[in-house]
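>>> quick one, structure for this:
(2 chains)
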Protein chains: 2
Amino acid sequence: MAIEHPYLLFLGDAPDQLTAKTAQGIAHWRPDWCLGQLRLEGCQADLGLPDMSLEAAKEAGARTLVIGVANRGGVFSDSWISVLEQALMLGFDIAAGLHNRLIDVPALKAVAKQHGRQLFDVRHPDREFEVASGSKRPGKRLLAVGTDCSVGKMYAALAVEKEMQARGMKVDFRATGQTGILIAGQGVSIDAVVADFISGAVEYLSPANDDDHWDIVEGQGSLFHASFAGVSMGLLHGAQPDALILCHEPTRRHMRGLPDFTLPGLQACMDANLSAARLTNPAVRFIGVAVNTSQMPESERAGYLRRLEDEFDLPSVDPFQGGVKPLVDRLQQV
Amino acid sequence: MAIEHPYLLFLGDAPDQLTAKTAQGIAHWRPDWCLGQLRLEGCQADLGLPDMSLEAAKEAGARTLVIGVANRGGVFSDSWISVLEQALMLGFDIAAGLHNRLIDVPALKAVAKQHGRQLFDVRHPDREFEVASGSKRPGKRLLAVGTDCSVGKMYAALAVEKEMQARGMKVDFRATGQTGILIAGQGVSIDAVVADFISGAVEYLSPANDDDHWDIVEGQGSLFHASFAGVSMGLLHGAQPDALILCHEPTRRHMRGLPDFTLPGLQACMDANLSAARLTNPAVRFIGVAVNTSQMPESERAGYLRRLEDEFDLPSVDPFQGGVKPLVDRLQQV
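Residues are numbered from 1 along each chain as shown, chains lettered A, B, ... in the order given. Prediction:
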């Protein structure tokens, strides 16, 4: 699975900006891939990209229509389907990170087949995987792990990739979730893999590489999340990380979706990840902390990060506010 | 999914006794459910049950034909299919723990539908699960965990169930693998669940119960198995065990299927399981060690178990050689 760019980003009839979060991530991280946005009547989201018709985007070279919005109630409305059909007829592939599948809409499946186009349901793996071998493979790997879900693991990983590219290092972002896959153009939605093959899918996703090449692997969940820790564990073993970044959101009062569970301490979270990760890479170490400080008072942010640096002797940054240069400096010492 | 008994055990043309391992487990643990065995020409396996035709077994009250053998190369031979069709026509349901599915054989699917019979592919979950809530639910739970795969977790769990039944305790074995499901008549093949729902599937499998009721949950894999630890982790969190049994095979030289990985120490394995299990049940504790000593010289077995008792201050038994009474004694103190 490799999704071709340039993209036209489909925002549908998104009722607000948040609904188009996926599209926003793609436009932010892959501006060169995004020619424009396609908005239907009533759309309240705006990425600041040129509004383009299917025809104009095709003329400009777009290859894939990317559905960058959640659809309401998991249902494809008729207004969506007719636009998507038209896109296929014009020669677009379509990619979506929705819970329900494009391929399950008979009209879309038929038109795609007729016109030789591809439907990418990136949330659903389109292949089978092997059981993980656990064998150490060449190349270096960094994995972003978290105290919780949705604490900025993907953002931190993409920021590290960008900084390493700027330094001329050999690097690839390896996507493990739907937004990351649309940003990378490929990847595996690791939480949708059959349980036996979690680690094996990660071995497939991040194969052997040059000794001085880094895969920056997107993390998922948390070893301390009572719903998803199995995914995080399998991902950790399959990634065989040489380096870890701990991601954290310090104002969160409980684990995402679990009101009865408080967040783990940072030291406990590091210890648990190191302990588990050593099974497949005894040389693993943390190289920094990435904090989403957006919910903290501005006056407290710098002090908080400084305290983390002192406590853990690790560079501690907010990737969104201040970039990740100190993390990559430390990485280059690994 | 509830598979009705009594069973007729189908051994097909099994080339040796080992191929009929699943059937043997069912006959051992559920002798009252097994009316007889059905063997095709050339079958080299024998469970010591009466050989019965489909007609004779039906006459005797059998409800389900259970395929208790692995099939060669994942292919259903024609000789199998005609027997299975005949069984459906006679009114049997069919249950199998094979990699390939009965339901994917068009002839079987058609005949089953026509005769209103059910095909149980127990290795493949037949429903969707919720994401785990992590909320503590009433009832007590014991989980068998292991230093490795295939170290006797299912055997230990079933032995504990049997001993507790003998003492008049409220108890259910909860199966998480295909042999266990055929033995219990229900369950969830937990390694075949989509990764996001591992813990949720276990919450479904072992629901709220009476305060003095014990679920004995079959373990899978090991936190120290580089291929499958994600499954073991999700199972541990979903089971919320009050009590753990550590299962071990002391002569094994490396982790199953992974020649480069040695087995963890028993203390390290207990520590890792306790540490992870405390997330959803802070009161978790080990109540014993179950060792498969069959590969040890007979003269060393008792001494080995005594040394474990001294080292960990826990009853240590070989469930197959000496039963599990000391484990249940300790359990009754929880």
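
>>> buried sites along whichever strand or helix holds A:A112?
Secondary-structure element containing A:A112, defined by DSSP states H and E: helix A:106-115. By neighbour count on 16 or more other Cβ atoms under 10 Å in any protein chain shown, the buried set for helix A:106-115 is A:108, A:111-112. Using the backbone N, CA and C atoms, a C-beta is placed for each residue, glycine as well.

>>> now those residues as CSV including pLDDT and distance to A:T147?
Formatted as CSV, the buried residues of helix A:106-115 follow (pLDDT from 0 to 100; distance: Cβ to Cβ, whole Å):
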residue, pLDDT, distance to A:T147
A:L108, 97, 40
A:V111, 98, 45
A:A112, 98, 41
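
>>> would JSON lines of those residues with distance to chain B be doable?
Below are those laid out as JSON lines (distance: Cβ to the nearest Cβ, whole Å):
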{"residue": "A:L108", "distance to chain B": "23"}
{"residue": "A:V111", "distance to chain B": "28"}
{"residue": "A:A112", "distance to chain B": "25"}
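
>>> circling back to that earlier point, I'd like to know which elements the helix holding A:A112 is packed against.
helix A:78-90, strand A:119-121 (3 or more Cβ pairs under 8 Å, 6 or more residues apart in numbering or on different chains; DSSP states H and E).

>>> most packed of those?
Stretch with highest mean neighbour count among the helices and strands packed on helix A:106-115: strand A:119-121 (a mean of 23; mean count of other Cβ atoms under 10 Å in any protein chain shown).

>>> what does that strand rub up against?
A:1, A:3, A:64, A:93-96, A:98, A:101-103, A:108-109, A:112, A:126 (Cβ atoms under 8 Å, 6 or more residues apart in numbering or on different chains).

>>> now, those residues that are in strands?
Mapping those onto strands (DSSP state E) picks out A:64, A:93-96.

>>> quick one: the residue sitting furthest away from the middle of chain A from A:I3, how far?
In chain A, counting by Cα atoms, centre = their mean, A:Q114 sits farthest out from the average C-alpha position, at 31.8 Å. Going from A:Q114 to A:I3 by Cβ to Cβ, to the nearest Å gives 20 Å.

>>> repeat that for A:A57.
For A:A57, the distance to A:I3 - Cβ to Cβ - is 15 Å.

>>> kindly report the same for A:L235.
Counting by Cβ to Cβ - A:L235 and A:I3 are separated by 22 Å.

>>> these two - which one has more neighbours?
A:L235 (29 against 21; other Cβ atoms under 10 Å in any protein chain shown).

>>> now do the strands in the stretch 201-334 of chain A.
Residue ranges of the strands in the stretch 201-334 of chain A, as given by DSSP state E, counting those that start in this stretch, are A:213-217, A:243-248, A:285-291, A:316-317.

>>> what's the closest of those to B:W33?
Closest approach to B:W33 among the strands of the stretch 201-334 of chain A (Cβ to Cβ): strand A:213-217, 47.5 Å.

>>> so A:A2 touches A:I181, yeah?
No - between A:A2 and A:I181 there is no contact under Cβ atoms under 8 Å: 10.4 Å.

>>> looking only at neighbour counts, state which of those two leads.
The neighbour count for A:A2 versus A:I181, taken as other Cβ under 10 Å, is higher for A:I181 (23 against 10).

>>> and that one, that's in a strand?
No - A:I181 is assigned helix when assessed by DSSP: H, G, I helix; E, B strand; the rest coil, not a strand.

>>> so who does it touch?
A:3, A:97, A:122, A:175, A:187-189.

>>> quick one: name the residues of chain A near chain B.
Chain A comes close to chain B at residues A:131-135, A:190-196, A:198-200, A:223-224, A:226-235, A:237, A:257-258, A:260-261, A:272, A:275-276, A:279-280, as judged by Cβ under 8 Å from any Cβ of the partner chain.

>>> 6 Å - rerun?
Counting by Cβ under 6 Å from any Cβ of the partner chain, chain A comes close to chain B at A:131-132, A:134, A:191-196, A:198-199, A:226-227, A:229-231, A:233-234, A:237, A:258, A:279-280.
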